[in-house]
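# any chance you could fold what I've pasted below:
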Amino acid sequence: MRIIDLGATEGRRFPAGRRTKNVVGGQSPAQSAHFALGVVTLDPDGGQVPWHNQEQEEVYLVVEGSGEMCLGHERAVLGAGQAVTIPPGVFHQITNLGQTPLTLVYCYGPAGEVAHWRQELDGTLPCAGVDAPPLPEGARPQRA
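Residues are numbered from 1 along each chain as shown. Below is the predicted model:
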């Protein structure tokens, strides 16, 4: 039996204001060929998973807090208990709107480390409206 203790997992800190803890895949000792699963905590007032796309389909489930979700040309506010499905190849971003951390669970498949993690850490993430499609009208700007 493999037990992953998120309280004992440091995870990875990203420049756009978040910490990602891999449960399955990434830096976790638990691996799967079919999916990756993790918990992301966005910093208060603007922490973000910045504008990016990936080959995998994905789901974000907000556990705590509220955030602006941008998906393609759409923009909406998600709160605790709400989830959004993200089709493969579609640009997306979520930004914490609150004064407390936003916590979400992500799951994507198939497994594999998504390129935007490395791009963000290296400072090479495509810029919305320049190297990538523009954000939806009125969206908070991309941080990384």
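
# please point out which parts of the helix or strand of the chain with the lowest mean pLDDT sit buried.
Taking mean pLDDT, DSSP states H and E as the measure, the helix or strand of the chain with the lowest value is helix 115-122, at a mean of 92. Residues H116, W117, E120 are the ones in helix 115-122 that count as buried (16 or more other C-beta atoms under 10 Å). Where you see a C-beta, it was placed from the backbone N, CA and C, and this is true even at glycine.

# list the buried residues in whichever strand or helix holds V77.
Per DSSP states H and E: V77 is located in strand 74-79. Within strand 74-79, the residues that count as buried by 16+ other C-beta under 10 Å are R75, L78.

# okay, now the sheet partners of that strand, with direction.
strand 66-71 (antiparallel) (DSSP bridges).

# can you give the distance from the strand it pairs with to the centre of its chain?
In this view, strand 66-71 has its centroid 10 Å away from the chain centroid, taken as C-alpha atoms, centre = their mean, to the nearest Å.

# equivalent analysis for stretch 108-119, please.
On the basis of C-alpha atoms, centre = their mean, stretch 108-119 sits 10 Å off its chain's mean C-alpha point.

# ok, the residue most central in space within the chain - contacts?
Centrality entry for the chain: nearest residue to the mean C-alpha point is V49, 4.3 Å, by C-alpha atoms, centre = their mean. Taking C-beta atoms under 8 Å, 6 or more residues apart in numbering, we find V49 in contact with A16, R18, V40, L42, H92, Q93, I94.
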